[in-house]
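K.L.:
output the structure for:
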Amino acid sequence: MENRGTAPVMSLGDWLITLIVASIPIVGFIMLLVWAFSSSTNPNKANFCKAYLIIMVIAIALFFLLGGAAFMTAMSGVGSSGI
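P.N.:
Below you'll find the model as predicted:
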């Protein structure tokens, strides 16, 4: 891993703005991508955005996996109700 030197410390306001913008549905996702992969972004913010995107991918995958399992369970009960 390349050592880029010491990154400037992000203030509390910088982090609050980052979190508020990231929480906006579509704009937040786009900004996370921009901040994560832009070479001019503070490395601390870039790493945070990359981690946030990974967590989002895991959450979406679990949502579909568990939702699919619940749907399949519900559908298996519909055909064998015997009513």
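K.L.:
contacts, neighbours, all on C-alpha from now
P.N.:
Fine.
K.L.:
next, the distance between the ends of stretch 19-29.
P.N.:
With Cα to Cα, to the nearest Å as the measure, the first residue of stretch 19-29 is 11 Å from its last.
K.L.:
could you number the chain from 209 rather than 1 from now on?
P.N.:
Noted, 209 is the first residue going forward, which turns the last one into stretch 227-237.
K.L.:
tell me, what residue is most central in this structure?
P.N.:
Within the chain, the residue whose C-alpha comes closest to the C-alpha centroid is residue 264; the distance, by Cα atoms, centre = their mean, is 2.7 Å.
K.L.:
mind checking the pLDDT average for stretch 239-251?
P.N.:
Stretch 239-251 shows a mean pLDDT of 96.
K.L.:
what's the distance between residue 224 and residue 274?
P.N.:
32 Å.
K.L.:
wait, isn't residue 236 in contact with residue 230?
P.N.:
Yes - look at residue 236 against residue 230 with Cα atoms under 8 Å: they come within range, at 3.9 Å.
K.L.:
neighbours of residue 243, just the number please.
P.N.:
When neighbours are defined as other Cα atoms under 10 Å, residue 243 has 21 of them.
K.L.:
roughly how far out does the helix or strand where it lies sit from the chain middle?
P.N.:
With secondary structure defined by DSSP states H and E, residue 243 is part of helix 233-245. The gap between where helix 233-245 is centred and where its chain is centred comes out at 9 Å by Cα atoms, centre = their mean, to the nearest Å.
K.L.:
alright, that wraps it up for me.
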